[in-house]
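Visitor: pasted the sequence and its predicted model underneath.
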Amino acid sequence: MLKIYVIHENRQWTAPLLAALEAQGLPYEDWFLDHGALDLSKPPPEGVFYNRMSASSHTRDHRFAPEYTAAVLAWLESHGRRVINSSRALQLEVSKVAQYATLERHGVRTPVTIAVVGKHELLSAAQQFEDAFITKHNRAGKGLGVRLFEHAHELHDYIDSPEFEEPIDGITLLQEYIHAPAPFITRCEFVDSRFLYAVRVDTSDGFLLCPADECQIDGVHCPTVATSKFEIIPGFDDSIIHAYEKVLNDNDIHIAGIEFIVDADGTKYTYDINTNTNYNPAAEKSAGRSGMDAIATFLGRELTNLGCMMDLSAAQIRTVISRPPLNGTVMVRN
């Protein structure tokens, strides 16, 4: 039977989506791609495949999950399967350099950024910044490698210290620090490459901006307290939405969160495209919204469309719900 296949490497982040799929009676299968075996001589099953692979997978001991997912997506796409967040989406997920190049090509402004390989090159590259700058990892997520430096000599001390974080792909980014008049950023969420809602994220306590419950590490970051750092913005309407939708459509990205910051002059700087987006439950409850419900509805519509193309009824598609295996391992097989 036709199913929705959820490709990922983090059960905590995916659990709310699976709950939404079950609530809507949609058949799905959990593909946990931290390791496995892929027989290229066999065709993939029919269905809708949703790629939720994360750039930060290596922080959960899933070092080669993105590479394995890239192989699986190539296999699926070579057989013409319907893939939500395609190979191109994965390419952008694991490379901020690719993100910035794509955004700039679409006329979306990004911060001045220098991509550096090698510790010694970092020091010379830092001399190009007259004002404060930050470091971050090219393959990142969860604020990996993000540190603020007022002067280049501070970077020297950091590089020579045990605190220096080696990026998993060897590429460290040096990026101009955007001085915002208030400590917050805006994250725009998209489903089916269309705007869903925008979130105001309080950054006064640092750069850890993941909205999922599992990313909140102390009382300050807990989304259940009254001063939650995530707040859905009612009636958000900005021209940047149309630019973002163009970026997503042109790059075969269907589900994503895109973040920007505004400086004192009102200039917007976009600095992240997250194709493995999560949603803050406290903010959604307060606003009466649900990103995972929207994703489930979108995936269900895609599955129904596929079934119609194959002359199957929606009732036939929804007959059986396939639950993830109890042992936590899913083999990619026909």
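Guide: Great, that's in hand.
Visitor: show me where pLDDT drops low in the stretch 201-334 of the chain?
Guide: 206-227, 312-334 (pLDDT under 70).
Visitor: now the helices for it?
Guide: Ranges of helices in the stretch 201-334 of the chain, per DSSP state H, counting those that start in this stretch, are 240-250, 281-287, 291-309, 314-317.
Visitor: could I get those as a markdown table with distance to Gln99 and mean neighbour count?
Guide: In this view, the C-beta of every residue, glycine as well, is placed from N, C-alpha and C. Listed next are those as a markdown table, based on distance: least, CB to CB, whole Å; neighbours: other CB atoms under 10 Å:
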| stretch | distance to Gln99 | mean neighbour count |
| --- | --- | --- |
| helix 240-250 | 9 | 17 |
| helix 281-287 | 24 | 18 |
| helix 291-309 | 21 | 20 |
| helix 314-317 | 35 | 14 |
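Visitor: need those in JSON lines with distance to Tyr177, can you?
Guide: Formatted as JSON lines, the helices of the stretch 201-334 of the chain follow (distance: least, CB to CB, whole Å):
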{"stretch": "helix 240-250", "distance to Tyr177": "21"}
{"stretch": "helix 281-287", "distance to Tyr177": "26"}
{"stretch": "helix 291-309", "distance to Tyr177": "30"}
{"stretch": "helix 314-317", "distance to Tyr177": "50"}
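Visitor: so which residues of the stretch 1-150 of the chain form strands?
Guide: Listed in chain order, the strands of the stretch 1-150 of the chain (DSSP state E, counting those that start in this stretch) span residues 3-8, 28-32, 47-51, 82-84, 113-117, 133-137, 147-149.
Visitor: wait, which of those strands is closest to Gly300?
Guide: strand 3-8 (7.7 Å; CB to CB).
Visitor: identify all contacting residues around the closest one.
Guide: The contact list for strand 3-8, computed with CB atoms under 8 Å, 6 or more residues apart in numbering, reads 14, 17-18, 21, 26-33, 45, 47-54, 69, 72-73, 276, 299-300, 303, 322.
Visitor: direction included, what does it pair against?
Guide: Sheet pairing for strand 3-8, assigned by DSSP bridges, gives strand 28-32 (parallel), strand 47-51 (parallel).
Visitor: including distance to Arg139, mean neighbour count and mean pLDDT, could the ones you listed go into a markdown table?
Guide: Below are those laid out as a markdown table (distance: least, CB to CB, whole Å; neighbours: other CB atoms under 10 Å; pLDDT from 0 to 100):
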| stretch | distance to Arg139 | mean neighbour count | mean pLDDT |
| --- | --- | --- | --- |
| strand 28-32 | 20 | 21 | 97 |
| strand 47-51 | 16 | 25 | 98 |
